[in-house]
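*Asks:* Got a predicted model here, sequence first, then my questions.
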Amino acid sequence: MANLKIAATVLFSATLFLNSVALAQQDAQETIKKAVEAHGGKEALTKAQQYKRTSSGTIFFGQTQKFTDELIVALPGKIKLDIKLDTKENLLMCLEGDTGWSIASGFPIDLSKEKIVELKDESYFLQVTNLISLLEPSSKLTSLGESKLMNTQVLGVKVSLAGGPEVSLYFDKETNLLTKAERKGKQSGVEILKGVQYSDFQTFGSAKFATKETHFLGGNKFVENKNITYTILEKVDASVFKKPGK
């Protein structure tokens, strides 16, 4: 009899646990669905996987520097970033799948394996924050519940795509817009917590994007992008990502 009572207790506890997991999964899915609609809907976000983005901003790492940049993206796996510093220095990096290159002293060079890993992480992060892939059955979603970010009530969801790294997303409870995203990633070969706060949303094409982003490394402000504008592209020519001279 005692063994039956123990077995019943264990079974009851397991049932409660599974039910709570199912409810958390359901909450997470509902939060993502609302967020997709708030950012323009499925069709708009699917088109918004290919775009050109420009911005101006400030780098707070070491000596503070102003910059302008242009980012061309074709998800998944293709990004090209061109940064012009106010010191007249130009930084250009490109990722295409498992390969990448940069321009250094006017000459194209292959990226190191370490830098390719970092750029692949950035590409994955852009795919996650585009949101549309989170509707796929292969995505993993876990509710983080409700919390407060500054003065905003947010709903959190921990996500990953096809077994990729976990990213924590936080959405404004009222507007369902993405307010913050963070994950662990490599920076100069060192694993560190990376975060982005999003604000000042505007519509480009039919999708809503933040026109201000504040990036953090290990909790410290790293980069601030302002005056962000997006041009949604029907197609990005393959030549954009090819290493010069090939």
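*Replies:* Done, it's in.
*Asks:* Please tell me how far Ile228 sits from Leu91.
*Replies:* Here Ile228 is placed at a distance of 18 Å from Leu91 (CB to CB, to the nearest Å). In short, each C-beta sits where N, CA and C put it, glycine included.
*Asks:* who does the strand ranked longest in the chain pair up with?
*Replies:* In the chain, assigned by DSSP state E, the strand with the most residues is strand 190-204. If you go by DSSP bridges, strand 190-204 pairs up with strand 178-187 (antiparallel), strand 207-217 (antiparallel).
*Asks:* In that strand, which residues are buried?
*Replies:* Residues Lys194, Gly195, Val196, Gln197, Tyr198, Phe201, Phe204 are the ones in strand 190-204 that count as buried (16 or more other CB atoms under 10 Å).
*Asks:* what do you get for stretch 84-100?
*Replies:* Neighbour-count burial for stretch 84-100 flags Lys84, Leu92, Met93, Cys94, Leu95, Glu96, Gly100 (criterion: 16+ other CB under 10 Å).
*Asks:* Surely Val36 touches Ile132?
*Replies:* Yes - applying CB atoms under 8 Å as the test, Val36 and Ile132 come out as touching, 6.6 Å apart.
*Asks:* sec struct for Val236, please.
*Replies:* What DSSP: H, G, I helix; E, B strand; the rest coil gives for Val236 is coil.
*Asks:* Please name the bridge partners of the residue lying closest to it once chain neighbours are set aside.
*Replies:* Of all residues not flanking Val236 in the chain, Ala74 sits nearest, at 4.2 Å (CB to CB, 6 or more residues apart in numbering). Counting by DSSP bridges, Ala74 is bridged to Gln50, Lys78.
*Asks:* tilt between the strand or helix carrying Ser143 and strand 178-187?
*Replies:* Per DSSP states H and E, Ser143 falls inside strand 140-149. Between the axes of strand 140-149 and strand 178-187, defined by axes from the mean of the first three to the mean of the last three CA atoms, to 10 degrees, the angle is 110 degrees.
*Asks:* so how far is strand 140-149 from its chain's centroid?
*Replies:* When distances are taken as CA atoms, centre = their mean, to the nearest Å, strand 140-149 is centred 16 Å away from the chain's centroid.
*Asks:* tell me what it is packed against?
*Replies:* helix 2-38, strand 152-160, strand 167-172 (3 or more CB pairs under 8 Å, 6 or more residues apart in numbering; DSSP states H and E).
*Asks:* And the contacts of the shortest one?
*Replies:* So the one you mean is strand 167-172. Residues from elsewhere that reach strand 167-172, judged by CB atoms under 8 Å, 6 or more residues apart in numbering: 31, 34-35, 38, 125, 128-129, 144, 147, 149, 152-160, 177-183.
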